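K.L.:
The sequence and its predicted three-dimensional model are supplied below.
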Amino acid sequence: MFEGGRLATTADIVCVGSGHNGLVAAAYLAAAGKKVLVLERNGWFGGGVVTRELTVPGFRHDQHSMAHIFIQANPLLLNDDLRLKARYGLRYLFPDLPMMSVFEDGTTLGLYRDRERTYSEIARFSRRDAEGYREISEQAQAWMPMLTASLFAPPIPVGASYALLDQSREGRELFRIMSMSSHDLLCERFENDKVRMHFARIAGENLVAPDEQGTGIGTFVFLGFLESYGFGVPVGGSGSLTQALVDCIRDHGGQVLADTDVTRIKVAGGRATGVETGDGRAFEARDAVIGAIHPHLLGDMMEGVDPLVRKSAQATQFSAAACVTVHAALNAPLRFKAGEHVKAVMIELLPNEYEQLRRSFDDLRYGQLSQYPLIGVGSLTLFDNTRAPAGKAVAHIWDYAPYRRRDGRSWDESKAEFAQRMLSHLGRFADNPDIIAYHCDSPVDMERTSPSFLHGDLHGIATTVYQSGSHRPTPDLGQYTVPGIERFYLVGPFQYPGGGVFGAGRATAMRMFEDLGLDFDKRGRVR
């Protein structure tokens, strides 16, 4: 990529953005022998998969994603397609207790990788619910081959998938569950309020309320992945995945550049030919351009997009719940009042009444701050001591809030107050944490870190039925391409399968290999 000591301005593949999805697609193309150039507007790489010293030196904080769940089933890691683990140093820990709910009265409910341990946990609340949990888990495992086969490749058309489901009794039952809300499913399967709330909180982690239609399948997906693969805690932080991908690209002759803000996709003769940056530089792409470009921004960055395609892209809707995060450097590990057994990857702080949780999501639906905070906590120094100095700890604390406050206050002016509200609520569940320093990101800060997080939506756009599958983000853009523009390919959380660490750039790469006449099974590997 360097000619005569200078950066070449032409590559086979130019990738806009260094989020993990774009890096995955670029790395597969690099492994196939293509010269790849990745351009990142920030001074760091990774998008939502990044670890930074946000507070004080020596404390490594995952600014967005914390645990890597769904990507564990992706052939990228499952088969180590690109040798990220064997050659580039990526390593995961898989704690026995991925998730625990801590209720305000001090009771707890753990969700273990071991089904029987979770059965025993739920049986303390309801024997009937423990049996219901076992039934859901067994069904989830039966569906896992289908789920994993569909998540990491381009999606099949929505109509065809529904028609296929309608051919069998099991398929029709799956369709029924896919259409239900989590709340309706949980009321059907469980009787205890706390058990219902424990699983309803899972839906909330997908930035949707448990009452949202089309969320029922999430319970099965979550349990299937949790039991089969666990929650992967990347050693050294979430950004270790990003670093392994960057190392892979560079090892195959590619370049990954920071502080390079792409402002326009160049199109000639109906084909993407390169990009231009805000400072006037141009980079040419011989074969293709990959772009992590939000659907709301697509028409502004690229000429020639069909007006109807542009209109539907700009009409995609955001999640009602944006995130506020507090990243704290601690003098000592958190101590929860419920007991020392509270040592999960994700710890959910919940009220005693299920209705309170539902009303908190209702508040967000109407653009209000939730009356009862929906706090989640991760303190991964419990498992990975590389993230802080000896004896110290880090905490990742999150809550939900609207992007625009109804009281008219700006997030820049009010986020410190909101952070104190979060820490105060944490104090109801844990001994006062010994905080050295903390960093707070509001929904507006989320948007500033990445254009993929427009409107503060960490999933790019809402995860609703009409923005799912091959209709994500729209039916026009659901195959990672833009109609009428050849050799341009989309990546990002707003594409199928959605937000989170899926390694979904693999599906984009598969589409590109097909168009470029490359055999993905033979050449999409690092030997």
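P.N.:
Sure thing, it's come through.

K.L.:
What is the burial count for H341?
P.N.:
For H341, the count of nearby residues is 11 (other Cβ atoms under 10 Å). Every residue, glycine included, has its C-beta placed from N, CA and C.

K.L.:
can you check A388 too?
P.N.:
23.

K.L.:
quick one, what contacts it?
P.N.:
Residues near A388 by Cβ atoms under 8 Å, 6 or more residues apart in numbering: G58, F59, R60, A329, L330, T381, V394.

K.L.:
Below-threshold pLDDT in the chain: ranges please.
P.N.:
Within the chain, the segments meeting pLDDT under 70 span 1-8.

K.L.:
let's see 50
P.N.:
Counting by pLDDT under 50, the chain has low-confidence residues at 2-5.

K.L.:
In it, where's the longest helix?
P.N.:
In the chain, ranked by residue count with DSSP state H as the criterion, the top helix is helix 127-151.

K.L.:
What is that one packed up against?
P.N.:
When contacts are defined as 3 or more Cβ pairs under 8 Å, 6 or more residues apart in numbering; DSSP states H and E, helix 127-151 sits against helix 115-123, helix 182-189, helix 217-229.

K.L.:
Quick one, which of the ones you listed gets closest to K337.
P.N.:
Ranking the helices and strands packed on helix 127-151 by proximity to K337 (Cβ to Cβ) places helix 115-123 first, at 18.7 Å.

K.L.:
Show me the contact partners of that closest one.
P.N.:
Applying Cβ under 8 Å, 6+ apart, the contact partners of helix 115-123 are L109, G110, L111, Y112, D129, A130, Y133, R134, S137, V195, E227.

K.L.:
Ok, stretch 437-449 next?
P.N.:
By Cβ under 8 Å, 6+ apart, the list of residues contacting stretch 437-449 reads 42, 47, 54-56, 61, 63-64, 322-329, 401-403, 410-412, 415-416, 418-419, 423, 453-458.

K.L.:
Which ones among the residues you listed lie within helices?
P.N.:
Among the contacts of stretch 437-449, the members falling in helices (DSSP H) are W411, D412, K415, A416, F418, A419, L423.

K.L.:
Show me how to select, in PyMOL, the buried members of those.
P.N.:
Typed into PyMOL, the line below selects the buried ones among these, using 16 or more other Cβ atoms under 10 Å:
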select buried, resi 411+415+418+419+423
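
K.L.:
Just flag the most distant two among the ones in helices among the contacts of stretch 437-449.
P.N.:
D412 and L423 (18.9 Å).

K.L.:
returning to what we had before: which parts of the longest helix of the chain are buried?
P.N.:
Applying 16+ other Cβ under 10 Å to helix 127-151 flags 129-130, 132-133, 136-137, 139-140, 143-144, 147-148, 151 as buried.

K.L.:
how much distance is there from the helix or strand just after it to the middle of the chain?
P.N.:
Going down the chain from helix 127-151, the next helix or strand is helix 158-165, by DSSP states H and E. Centroid separation for helix 158-165 versus its chain: 26 Å, with Cα atoms, centre = their mean, to the nearest Å.

K.L.:
So which elements touch helix 158-165?
P.N.:
helix 169-179.

K.L.:
how many degrees apart are the helix it packs on and helix 217-229 in direction?
P.N.:
Angle of helix 169-179 versus helix 217-229, following axes from the mean of the first three to the mean of the last three Cα atoms, to 10 degrees, is 110 degrees.

K.L.:
For helix 169-179, give me every contacting residue.
P.N.:
Under the contact criterion Cβ under 8 Å, 6+ apart, helix 169-179 has outside partners W143, Y162, L164, L165, D166, L185, Q213, G214, G216, I217, F220, V465.

K.L.:
same thing with stretch 124-139?
P.N.:
Applying Cβ under 8 Å, 6+ apart, the external contacts of stretch 124-139 come out as 109, 115, 118-120, 122-123, 189-192, 194-195, 219-220, 223-224, 227.

K.L.:
Give me the buried subset of these.
P.N.:
109, 115, 118-119, 122, 189-190, 192, 194-195, 219-220, 223-224, 227.

K.L.:
nearest to L93, of those residues?
P.N.:
E227 (17.1 Å).

K.L.:
separation between E447 and F318?
P.N.:
For E447, the distance to F318 equals 11 Å [Cβ to Cβ, to the nearest Å].

K.L.:
before we move on, what about G47?
P.N.:
Noted for G47: a distance of 18 Å to F318, by Cβ to Cβ.

K.L.:
Between those two, point out the one with more neighbours.
P.N.:
The residue with more neighbours, out of G47 and F318, is G47; 28 against 17, by other Cβ under 10 Å.

K.L.:
Hmm, V16 and the more buried one touching each other?
P.N.:
No. Counting by Cβ atoms under 8 Å, G47 sits too far from V16 to count as a contact (11.4 Å).

K.L.:
Give me the common contacts of those two.
P.N.:
G22, A292.

K.L.:
about what we covered before: now the ones in helices among the contacts of stretch 437-449 as CSV including distance to V501?
P.N.:
Below are the ones in helices among the contacts of stretch 437-449 laid out as CSV (distance: Cβ to Cβ, whole Å):
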residue, distance to V501
W411, 25
D412, 28
K415, 25
A416, 29
F418, 26
A419, 25
L423, 27
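
K.L.:
Show me which of the ones in helices among the contacts of stretch 437-449 is closest to L364.
P.N.:
Nearest to L364 among these, with distances taken as Cβ to Cβ, is F418, at 13.6 Å.

K.L.:
sorry, back to before: list only buried entries from the contacts of stretch 437-449.
P.N.:
42, 47, 54-55, 61, 63-64, 322-329, 401-403, 411, 415, 418-419, 423, 453-458.

K.L.:
And the strands in the stretch 251-400 of the chain, which stretches?
P.N.:
255-257, 262-268, 271-277, 282-291, 322-330, 346-350, 376-378, 393-401 (DSSP state E, counting those that start in this stretch).

K.L.:
what lines up beside the fifth one in the sheet?
P.N.:
The one in question is strand 322-330. Sheet partners assigned to strand 322-330 using DSSP bridges are listed as strand 393-401 (antiparallel), strand 435-441 (antiparallel).

K.L.:
pull the CA atoms of that strand into PDB?
P.N.:
Extracted C-alpha coordinates of strand 322-330, given in PDB (Å, rounded to 0.1, in the frame of the first residue of the first chain):
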ATOM      1  CA  ALA A 322     -30.800   5.500  23.900                       C
ATOM      2  CA  CYS A 323     -28.000   4.700  26.400                       C
ATOM      3  CA  VAL A 324     -26.200   6.800  29.000                       C
ATOM      4  CA  THR A 325     -23.000   5.100  30.300                       C
ATOM      5  CA  VAL A 326     -20.800   5.800  33.300                       C
ATOM      6  CA  HIS A 327     -17.300   4.300  33.100                       C
ATOM      7  CA  ALA A 328     -15.700   4.300  36.600                       C
ATOM      8  CA  ALA A 329     -12.200   3.700  37.800                       C
ATOM      9  CA  LEU A 330     -12.400   2.100  41.200                       C
END
